[in-house]
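Colleague: sequence and predicted model, in that order:
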Amino acid sequence: MFCPNCRYEFNVGVLVCPDCDEKLVEILPEDEKGPFTDDTKIVEVFQTSDRSILSFAKSILEENDIISIISPPIGIRGTAAVYQFFVNEYEADKARELLDGIEDSQAEAIE
Ligand SMILES: [Zn+2]
């Protein structure tokens, strides 16, 4: 787990950075400088408990140059952990559009 603010890596089980009071994320944004500054607002655009949809959604956002961060599991749905996607608020509408119906399309692709 990583702090999106100071980019420090923490052991599994730590959910909040003790230095920054930031919620830790599983994957840091690729860009070293990061699009998320102190005054960047991030908003949730999507959540899923499906690991394949998780990486599918991330790749869709990356293809569209939207950098996302994935939350630590926020709960359990059935037997799977539920993850949330956050993006910069300015890209939230576009991200929601891109991810709209992604669970359905993925399910169809599998069948
Ligand atoms: Zn930190």
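Modeller: Ah, there it is.
Colleague: what about S68, distance to N11?
Modeller: In this structure, S68 lies at 23 Å from N11, with C-beta to C-beta, to the nearest Å as the measure. C-betas here are computed from N, CA, C, even on glycine.
Colleague: ok, these two, which is more surrounded?
Modeller: Remark: of S68 and N11, S68 carries more neighbours, 24 against 6, as counted by other C-beta atoms under 10 Å.
Colleague: helices along the chain, start to end?
Modeller: With DSSP state H as the definition, the chain shows helices at residue ranges 51-63, 92-99, 102-110.
Colleague: in JSON lines: these, plus mean neighbour count.
Modeller: Compiled in JSON lines, those are given as follows (neighbours: other C-beta atoms under 10 Å):
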{"stretch": "helix 51-63", "mean neighbour count": "15"}
{"stretch": "helix 92-99", "mean neighbour count": "17"}
{"stretch": "helix 102-110", "mean neighbour count": "12"}
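Colleague: want to try CSV for those, with mean pLDDT as columns?
Modeller: What follows is those, written out as CSV (pLDDT from 0 to 100):
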stretch, mean pLDDT
helix 51-63, 90
helix 92-99, 94
helix 102-110, 65
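Colleague: can I get those in JSON lines including distance to the ion?
Modeller: Shown next, in JSON lines, are those (distance: least, C-beta to the ion, whole Å):
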{"stretch": "helix 51-63", "distance to the ion": "22"}
{"stretch": "helix 92-99", "distance to the ion": "24"}
{"stretch": "helix 102-110", "distance to the ion": "30"}
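Colleague: let's have these in JSON lines, adding distance to E44.
Modeller: JSON lines is the format used below for the helices of the chain (distance: least, C-beta to C-beta, whole Å):
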{"stretch": "helix 51-63", "distance to E44": "12"}
{"stretch": "helix 92-99", "distance to E44": "8"}
{"stretch": "helix 102-110", "distance to E44": "15"}
